[in-house]
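> below are the sequence and a predicted model for it; my questions follow.
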Amino acid sequence: MVRWIGVFTFLGLLAITLQTSAGETKKRVLLLWQSPDGHPKNTHEYQLGQKILKRELDKFPSIDPVLVNADGAWREGPDLLAKADGVVLFVSEGAKWLCADAKRLAAFQACAKRKAGFTVLHWGMGTKDAKNIQPFVDLFGGCHGGPDRKYQVVDTRAFFVAFQRHPIQLGLNTFKVRDEFYYDLKLAKASKSMLMANIDKKAHTVAWAYPRDDGGRSFGFSGLHFHENWQMPEYRRLVTQGVLWTMNIAIPKGGITVK
């Protein structure tokens, strides 16, 4: 009799587990990366960086992070975007890449209308040609673009805007870092500064949060030139929480756990 009770208990728990799993709808996030772009080794390591971010996002059962190679024509892109709830863009000269294909740009715009979350990292927000700036800003909230774009490798102090504690900033404090930051960025009016860095004796925005007019959310961070900076818990927490915020996933009051 006891044995049968144990069996029934196990089957009951199994049924509850299956029912819970079946009822959950994971949010799919495309982690877009490209092959090396000619920068020195250990810089612009798009694929390796996205693999680290995937490990962090895999800790959250409500997210399905998928690594996607965006090299070449990326003809499958529009179909993938049509099924995505979010995108993290870590590619070479991303604003140019986005606007180079009309179908690709339209697919991102359609994705935004569905309130998908967008995140962009380092050169993923870049364009040398100014004509690509505005379409990118409309989607991601900021761009490192045009002939007047500024960037510099600095040993600096990075700090968070104190007037409003944003969910992206939870568990984060001032820290020192060596990185190549893009600054004097072209930002949307609604973009809110999340992280600032001292460059040329002035505080510059290097990360932002953008509540889009379509009801979706975007986040950008201009650092991560050097791959080794992914080792910093501050970086992994900042980027991961940025992605979570764009996906409307609650962030613990003390910030997420990173090791």
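Alright, I've got the coordinates.

> could you tell me the model confidence score at the residue nearest to the spatial centre of the chain?
Central residue of the chain (C-alpha atoms, centre = their mean): residue 119, 3.2 Å from the mean position. Per-residue pLDDT puts residue 119 at 99.

> what's near enough to touch it?
86, 87, 88, 89, 218, 219, 220, 221, 239, 242, 243, 246 (C-beta atoms under 8 Å, 6 or more residues apart in numbering). Any C-beta I mention is one placed from the backbone N, CA and C, and that applies to glycine too.

> ok, residue 47 next?
Neighbours of residue 47 in contact, by C-beta under 8 Å, 6+ apart: 33, 34, 35, 67, 69.

> of those residues, which pair is most distant in space?
Largest separation among these by C-beta to C-beta: 35 and 67, giving 13.1 Å.

> pLDDT value on residue 163, please?
If you check residue 163, the pLDDT there is 52.

> just to revisit the earlier point, among the contacts of residue 119, which ones are in strands?
By the criterion of DSSP state E, membership of these in strands covers 86, 87, 88, 89, 218, 219, 220, 221.

> now stretch 30-47 - C-alpha only, CSV.
Output of stretch 30-47 as CSV, limited to C-alpha atoms (Å, rounded to 0.1, in the frame of the first residue of the first chain):
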residue,chain,number,x,y,z
LEU,A,30,18.5,36.0,-30.9
LEU,A,31,22.2,36.6,-30.0
LEU,A,32,23.6,37.8,-33.3
TRP,A,33,27.3,37.5,-34.0
GLN,A,34,29.7,37.7,-36.9
SER,A,35,33.2,36.4,-37.7
PRO,A,36,36.3,38.5,-36.9
ASP,A,37,36.4,41.8,-38.7
GLY,A,38,40.1,42.5,-38.9
HIS,A,39,40.5,43.9,-35.4
PRO,A,40,43.4,42.5,-33.3
LYS,A,41,42.9,39.2,-31.5
ASN,A,42,40.9,39.5,-28.3
THR,A,43,39.0,42.5,-29.5
HIS,A,44,35.7,42.5,-31.3
GLU,A,45,35.2,38.9,-30.3
TYR,A,46,31.5,38.8,-31.2
GLN,A,47,30.9,35.0,-31.1
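
> about what we covered before: for PyMOL, what selects the buried ones among the contacts of residue 47?
This is how PyMOL selects the buried members of the contacts of residue 47, with burial counted by 16 or more other C-beta atoms under 10 Å:
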select buried, resi 33+34
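
> contacting residues for the closest residue to residue 196 other than its chain neighbours?
Spatially, and ignoring its direct neighbours in sequence, residue 196 is nearest to residue 203 (4.6 Å; C-beta to C-beta, 6 or more residues apart in numbering). The contact partners of residue 203, by C-beta under 8 Å, 6+ apart, come to 159, 196, 197.

> A strand includes the first one, no?
Okay, so that is residue 159. Yes: applying DSSP: H, G, I helix; E, B strand; the rest coil, one finds residue 159 inside a strand.

> quick check: closest non-adjacent residue to it.
Spatial nearest neighbour of residue 159, chain neighbours left out: residue 174 (4.4 Å); criterion: C-beta to C-beta, 6+ apart.

> what about the one you found, neighbour count?
As a burial measure, residue 174 scores 10 neighbours (other C-beta atoms under 10 Å).

> so it sits against residue 156, correct?
No: using C-beta atoms under 8 Å, residue 174 makes no contact with residue 156, being 10.9 Å away.

> residue 182 and residue 31, how far apart?
Relative to residue 31, residue 182 is positioned 21 Å away (C-beta to C-beta, to the nearest Å).

> my bad, residue 55
11 Å.

> with residue 50 instead?
Residue 50 is 4 Å from residue 31, by C-beta to C-beta.

> joint contacts of the two?
Joint contacts of residue 50 and residue 31 (C-beta under 8 Å, 6+ apart) are 67, 88, 90.

> wait, residue 222 sits on residue 126?
No: at 9.2 Å, residue 222 does not count as touching residue 126 under the criterion of C-beta under 8 Å.

> overlap in contacts of the two?
Contacts common to residue 222 and residue 126, judged by C-beta under 8 Å, 6+ apart, are 144, 182.
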